[in-house]
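1. 3D, please:
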Amino acid sequence: AGAEGPADGADLVIDLVGTSASMADAAQYVRRRGRIVVVGEEPDFPGISSTVLAQRELEIVGSRNGDRNDQQDALRLLAEGAITPALDEEYPLDRANEALARLRSGQARGRVLITHTA
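-> All right, here's what the predicted structure looks like:
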C-alpha cells in the first residue's frame, strides 16, 4: 500500500496488539484520512513512517484500556452468556472486501468480524 494506501480501506482500524508490525498492518488497511486507535501496549516503536502519516493524513489515537482482570471479567461474562455481542458474520482477512461491502450495504445485523492469523 505504501504512502498511497488502499483507496477504499477501513475508516477505522483498532490495533489491539501494539507492536511495530501490527501498527504497520494497521496503516496498510486504513483508508486515506482514516483513524488508527491504539489499544495494545508494547515498547515497540510504531511501524509507520512520518511520510505515510503526512501523505495519507492519518490520525493515530491512543485509547486507555483495562487491565488483565478487566479482560478476564469480560471473557467470563461472555462465557456465562451474560453478554452477547451482536455478531453478524466472521470473515477471513482475504475476504475483507466482501465484509466491508456487507457493512456498506446495510445488510449486516451486528458486528462484522475480520480475522487474521499469522
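2. and the longest strand for the protein?
-> In the chain, ranked by residue count with DSSP state E as the criterion, the top strand is strand 30-38.
3. roughly how far is it from the heart of the chain?
-> 9 Å (C-alpha atoms, centre = their mean, to the nearest Å).
4. show the contacting residues for residue 115.
-> 90, 91, 92, 93 (C-beta atoms under 8 Å, 6 or more residues apart in numbering). C-betas here are computed from N, CA, C, even on glycine.
5. show residues contacting the longest helix along the chain.
-> With secondary structure taken from DSSP state H, the chain has its longest helix at helix 68-80. Residues outside helix 68-80 that contact it (C-beta under 8 Å, 6+ apart) are 66, 83, 84, 85.
6. rerun that using 6 Å as the cut-off
-> Identification of contacts with helix 68-80 by C-beta atoms under 6 Å, 6 or more residues apart in numbering yields residue 83.
7. in this structure, where is pLDDT below threshold?
-> 1-7, 117-118 (pLDDT under 70).
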